[in-house]
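Enquirer: The sequence and its predicted three-dimensional model are supplied below.
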Amino acid sequence: MTAVNPESYYRDHWVEIEPERAEAYDALFEWRPAMAPLLEAAELATGQVVVDYGCGPGGLAVELARRVGDTGRIHGVDLNGELLRRAAQRAERDGVRGRIEWHHVSDDRIPLPDASTDRVVCKNVLEYVPDVAGVLAEFRRVLRPGGIAHVVDSDWGLFAVEPIGVERTAEIFEAARIAYHTPLIGRQLYGALKDAGFRDVQVRVLGMADTQGRLATALYNMASYAREAGLAASIVDRFETDLRRSIEEGTYLFVLPQFLVTGHAH
């Protein structure tokens, strides 16, 4: 097993993704109608040019393509070639291939001209980037005057996993922190967009409860990060076993608040 570099693992584990995790992300990032409130503030409309920053396997990009219609254009940007390949397959399968252009990047820049887009949508990505201010500056650069940056991200200081409880979950997450550059990004987004020069910044918090195990992939990933970081296998194994049992027995509850922050370029 390749040694983990704790200084760069937050990025490394997105650049190189093992097949099993890529497969799990396909399901985790599938767009579902219940997720519609996550996009309301983006004010999406037919004919817009929209960047999906950190598009992953394409679930969100395909939904964006549906919303902008045949006259719109989506630019899906990601670090991982395998996830982009899966995203292209999804777009083909869902009949929106012609509306999306995929960009495989090696840094945090968006390969588009200045003032060329109407919207930038960024969902659950900024917790992993090393320079949030630099990325937000990129959003402003590519947005036309009046365009909207719409950022959705987690705050890992506010999550709950039951019946496993606070102490055991905290032990796992403390080891897994190497996978999140800015794990408290949710609460920091409002100030970050203001500092980046966006105007009319608005913030909303959604706290959806998962009781079926649909989002448990995020917790199993967290456990795998803790294992990579060197946490005792017995601790990680017990967490995974108890998590699996709680789902089977119907006692499982996972809450991870999502911060929805929008700002207008000018």
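Expert: Sure, I can see it.

Enquirer: May I see the buried residues of the biggest helix by length in the chain?
Expert: Across the chain, the helix with the greatest residue count (assigned by DSSP state H) is helix 233-249. By neighbour count, with 16 or more other C-beta atoms under 10 Å as the criterion, the buried positions of helix 233-249 are 235-236, 239-240, 242-243, 246-247. Every C-beta, even on glycine, is put in place using the N, C-alpha and C of the backbone.

Enquirer: Sketch out the low-pLDDT regions of the stretch 151-266 of the chain for me.
Expert: Under the criterion of pLDDT under 70, none of the stretch 151-266 of the chain is flagged as low confidence.

Enquirer: List the buried residues in the longest strand along the chain.
Expert: Criterion DSSP state E: the longest strand present in the chain is strand 143-154. When neighbours are counted by 16+ other C-beta under 10 Å, the buried residues of strand 143-154 are found to be 143, 147-154.

Enquirer: Kindly report the same for stretch 84-97.
Expert: Within stretch 84-97, judged by 16+ other C-beta under 10 Å, the buried ones are 84, 86-88, 90-91, 96.

Enquirer: Now that stretch: average pLDDT?
Expert: Confidence over stretch 84-97 (mean pLDDT, whole number) is 97.

Enquirer: returning to what we had before: farthest-apart pair in the buried residues of strand 143-154, please.
Expert: In these, the most distant members under the criterion C-beta to C-beta are Gly147 and Ser154, with 24.5 Å between them.

Enquirer: hmm, back to that, what does the longest strand of the chain contact?
Expert: Contacts to strand 143-154, defined as C-beta atoms under 8 Å, 6 or more residues apart in numbering, come from residues 38-39, 41-43, 115-127, 136, 139-140, 183, 185-186, 189, 193, 198, 256-266.

Enquirer: Now find how far off-centre it is within its chain.
Expert: Its chain's C-alpha centre lies 15 Å from the corresponding centre of strand 143-154 when counted by C-alpha atoms, centre = their mean, to the nearest Å.
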